[in-house]
Structures are given as structure tokens and as C-alpha cells.
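[1] I'd like to go over a predicted model; first the sequence, then the structure.
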Amino acid sequence: MAEQRRFAASAPRPLPAAPATPPGLGEEAWIEVVQRMDDIYADLVRHQVDLEEKNSALEDAQRFIDSVLSSMSDVLVVTDVHGRIQRANKAMVDLLGRSEQQLLGTELTALFAPQAAHTVAEFRKHVRGGDILDCEIEILGAGGEAVPLAVNCSPRYDSEGMLSGMVVSGRPLGELRRAYRALQEAHRQLKTTQQQLLQSEKMASLGRLVAGVAHELNNPISFVFGNMHTLQRYGERLRDYLALVQSGAAPELIAQARQTHRIDRILDDLVPLIAGSLEGAERVSEIVQNLRRFATPQRQKQRDFDLCRVVESSLAWVSKTVRAQAQIELDLPPELMVRSSEGHVQQILINLLQNAFDAMESVDPPRLNLRVSAQDGWAHVQVRDHGPGIAEDNLLRVFDPFFTTKPVGKGTGLGLYISYGLATEQCAGSLTVRNHPEGGAEFTLELPLETAHG
Ligand SMILES: Nc1ncnc2c1ncn2[C@@H]1O[C@H](COP(=O)(O)OP(=O)(O)OP(=O)(O)O)[C@@H](O)[C@H]1O
Ligand SMILES: [Mg+2]
């Protein structure tokens, strides 16, 4: 090649001096010969230039391939059909600690750990059927240590489409493994932090619950306490009075004692005092019952019952506690049989109605729409109030435990959480909420209709 270059670069050759005309060959013939030689020479120069250009393109291509191969971070080897190495890229050379020259002609299997050699030897057989993908094997690194690689192997064909060897590429898994381990550790730490957060949130929630319960219990208990103290004082006075009566004292003395001890007032007070105390005790017992139900929700039997009746009785219960006269628009069919657990449905409805009236505290008069309907095997109860509705951000949170916008002592934020659990888990239904387009909140309880008798 160098020879040809020199040839092309040389100055055009001067025309040979015309020899003396040999006998029998005219001057014209000589000129023709010289011109032919000139043409041939020009052809030669043209071919030479062509060759030069192709050669330079080839060298560019070669340099391009070399730069790609050497800048790859994945290792790459090219072998012949027998699995002998024909090329190895820089990453491979660095990993093995041997020069490419040393690797040329080496059996591919010799590069891998003994336990992987069998798999690599099989490459030759399998590669004819197509690519071998992501096979994890260990190669022997520069210090003889096993380096795990994710290896891919593809067949290589010559210009006639005949198998001429294999291209084996691999990605060292060390980095990936390290990254994976770091990720796992980060995930573990995150989970621990989350657990701690959850725990502290639970404790805070528990604190709020206890504060709420304490507040709720405080009222009836102080009521009962006050009554008991009065009863105790009344008891002492009654005992003194009875002792006087039994001692056979004069009637005037007894009458005077009756006045000073205010016995008649005591007798008048006894009934309401006892009734009030009993009511307080009942309230305490009710709160405890509710707490127990919250702690261990019991499964109730599913049975068929008239949903409209339960809606009406729930409304009657809640209305008792509402001071203002409410406008209630009822849209109920005469009867709608559903299959669910009646006690739980009632508990849900009471919670929804109580919330609706709470929301309409400053609405005068409070207005409520109650609708019961059936569609596609499901009964729907819609409870819509005319209060302020629920802020968009809170729509998803109202079913969270302890979510409340009410002051301490007024709400624990458990009503909807418990209702949602009861609707979905105990009543085989669902409970959803939305803001009504014309204002107010609308809760929909969905329950399965009564199953066909038979
Ligand atoms: N009809 C409604 N209109 C507006 N906001 C409502 C309505 N129903 C519920 N909410 C909002 O959802 C929150 C959670 O309701 P939830 O019944 O779970 O708890 P609570 O009523 O605050 O307390 P609890 O029911 O435990 O006494 C309420 O504090 C209120 O902010
Ligand atoms: Mg509530």
C-alpha cells in the first residue's frame, strides 16, 4: 500500500524520448503507442486515487469501531465459529488484566470460572438457534477473582450469510448488586421510619381518643357524683329524722325536725335525683359499649329486612337530639327489602344523620333530603344535607380514623371510619361521599337487595 502511495504521489512521468524510427514502423505508429501508454498511465493513477479514498474510508470505519468498542462500559468479545477470540474491547481487557494481543486465539471458555465453563461451551450450540439473553455467569478477573456478569451472546454471519462466529457482551453485576443492596437498605430504613411515624401517629390518635372519651365521660360522671353527694346528705338527714321518730319523741318535736331537716323536699327530690343518676350511669355504660364495639367489631347475622323502616327509625332517633325543627324531605318507597345486618345499617345511618345535623348547626331551618331507591340489584340510601359541604381536600380524608373538624369533646373522628368499615366489611355494601352540585354534602350507602326466596 505504501508502495502504491509513493507511486501516486510521484510526478507525472516525462514522455520517453522518441527513439529513432525503427525500420518499417512509421512515426504515426509511434505516436499511437505513446498515447496508449499515456492512457494506461492515467487509468493507473485514477485507480490509485480510488484505492486511496477507499483505504482512508476503511481506516475511518476502523477507527470509529475501535472508539466505540473502547468507550463501551460493557465487556465485549468476538469469537470465530470455534469459540476462539478474535477481538476483545477495552473493558474486557481491563477486566481480565491481559492485553488484547494476549487474548487473540484464546478459547472463550478459558476466560470464565470453571463452574461457568460448561455453560459457555454450550453457547456455540445454542447460538445457532438465536440470541442467548441475560445469562448470569462468572468470569475470572485480573486477580483471579470471580466477577459476576449478565451475559448476552449473538450469532455473527459473514457476507454470504454463513455463521462466522459469536459476539459475547456482558455487564458486570457488581455495581448493580451494590446499587440494589443500597436500595434495599434505604427501603428498610424508610419502612422503619414509616413504622415509627405510624406508631407516633397512633399514639397521638390514641391521646386524642382518650381526651375525647374523658371529656364525654366527665359530664355524666360529675353529674352522678353530684347526685350521690346530695343523696348521701339526704340519707344522713333521713337517718336522724327516723331515729327521732323511733325514739318516741313528742309529735311537735318530730314536726319541727321534719321542717328543719327539710324531709318533704328530700322526698320530692329523691325521684329525679335517682333518675338523673341512672341516666348518667346509662350514658357511661353506652360510651363504654361503643368503645368496646370499636375495639372488637362483632359480626352480625345477615338477614332480610325493610330498609325504609330502619331509615325512618334512625331518623327518629337522631331527631330527638336535634333542637331546631328540621325540614325533612323523605323520598322512600313503601318497602324495600335488603339483605344485610340491620344493627350495623342503623349505626351507619345514625352516624350519617348526626353528621348532617352537626354540619347544619348554623343553618336555619336545617334541611335534609333522604332518598331510598333500588337499581341493578342494589339499594341506595342517599343522605343529603344543606350545610356547607366538605372541602375538596377533605373529601378523601373523612373516612380516615380520627379525622375530625369538630372541637375536642364534640367529635372523635371515628363515626365515618367505623361506618365505612361496617358498610364494606359487615354489610357487604359500600359508602361514598360527594358534594351535591347544588350545595351540601351527600353520602350514599349501597346495600345488596334481598336475595330471591326459594
Ligand atoms: N354532612 C357533612 N357535612 C360536612 N362535613 C362533614 C359531614 N359529615 C362529615 N363531615 C366531616 O367529616 C369529619 C369526620 O366525620 P366523622 O363522623 O368521622 O367524625 P366526627 O363527626 O367529627 O366525630 P364522631 O362522629 O366520631 O363523633 C367531620 O368532622 C366533618 O369535618
Ligand atoms: Mg360523626
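    Nice, I can see it. Since this is a predicted model, take the numbers as computed values, not measurements. Ligands and ions are numbered 1, 2, ... in the order given.
[2] ok, for whichever residue of the stretch 251-400 of the chain sits closest to ligand 2, nearest residue in space, not its chain neighbours?
    Here the residue of the stretch 251-400 of the chain nearest ligand 2 is residue 355; by Cβ to the ion that distance is 4.4 Å. Every residue, glycine included, has its C-beta placed from N, CA and C. Of all residues not flanking residue 355 in the chain, residue 415 sits nearest, at 6.3 Å (Cβ to Cβ, 6 or more residues apart in numbering).
[3] For residue 404, see how far away that neighbour is.
    According to Cβ to Cβ, to the nearest Å, residue 415 stands 9 Å off from residue 404.
[4] For ligand 2, give me its nearest residue in the stretch 351-454 of the chain.
    Closest point on the stretch 351-454 of the chain to ligand 2, by Cβ to the ion, is residue 415, at 2.9 Å.
[5] ok, that residue touching residue 353?
    No. Counting by Cβ atoms under 8 Å, residue 353 is not a contact partner of residue 415; they are 10.6 Å apart.
[6] What about residue 110, how many residues nearby?
    13 (other Cβ atoms under 10 Å).
[7] quick one, what contacts it?
    Counting by Cβ atoms under 8 Å, 6 or more residues apart in numbering, residue 110 makes contact with residue 117.
[8] What score does it have for pLDDT?
    pLDDT, residue 110: 90.
[9] So it: helix, strand or coil?
    Residue 110 falls in the helix class when you classify it by DSSP: H, G, I helix; E, B strand; the rest coil.
[10] gap between it and residue 152?
    20 Å.
[11] need the contact list for the residue of the stretch 1-150 of the chain at minimum distance from ligand 1.
    The nearest approach of the stretch 1-150 of the chain to ligand 1 comes at residue 134, 51.8 Å away (Cβ to the nearest ligand atom). With contacts defined as Cβ under 8 Å, 6+ apart, residue 134 is in contact with 150, 151, 152.
[12] can you check residue 328 too?
    Going by Cβ under 8 Å, 6+ apart, residue 328 touches 315, 319, 367, 368, 370.
[13] What strand or helix carries the second one?
    Spelled out, it's residue 319. Assigned by DSSP states H and E, residue 319 belongs to helix 307-321.
[14] now check that helix, is it near ligand 1?
    No. Helix 307-321 lies apart from ligand 1 when judged by Cβ under 6 Å from any ligand atom; the minimum separation is 12.1 Å.
[15] Check whether that helix comes near ligand 2.
    No. Helix 307-321 lies out of reach of ligand 2 by Cβ under 5 Å from the ion, never closer than 11.1 Å.
[16] buried set for that helix?
    The neighbour-count check on helix 307-321 (16 or more other Cβ atoms under 10 Å) flags 307, 308, 310, 311, 312, 314, 315, 318 as buried.
[17] next one: stretch 441-454
    In stretch 441-454, counting by 16+ other Cβ under 10 Å, buried: 441, 442, 443, 444, 445, 446, 447, 449, 450.
[18] Any chance you could list what contacts it?
    By Cβ under 8 Å, 6+ apart, the residues outside stretch 441-454 that reach it are 304, 307, 336-340, 345, 348-349, 352, 355-356, 359, 374, 377-385, 387, 389-390, 423, 427-436.
[19] now do stretch 81-101
    Contacts of stretch 81-101 (Cβ under 8 Å, 6+ apart): 69-80, 103-109, 111, 120-121, 123-124, 139-143, 147, 163-166, 172.
[20] ok, of the residues you listed, which come out buried?
    Buried subset of these (neighbour count, 16+ other Cβ under 10 Å): 69, 75-79, 103, 106, 108-109, 111, 120, 123-124, 139-141, 147, 164-166, 172.
[21] and those near ligand 2, which?
    Among the buried ones among the contacts of stretch 81-101, no residue lies close to ligand 2 (Cβ under 5 Å from the ion).
[22] now, which of the residues you listed lie within strands?
    Counting by DSSP state E, the buried ones among the contacts of stretch 81-101 place 75, 76, 77, 78, 79, 139, 140, 147, 164, 165, 166, 172 in strands.
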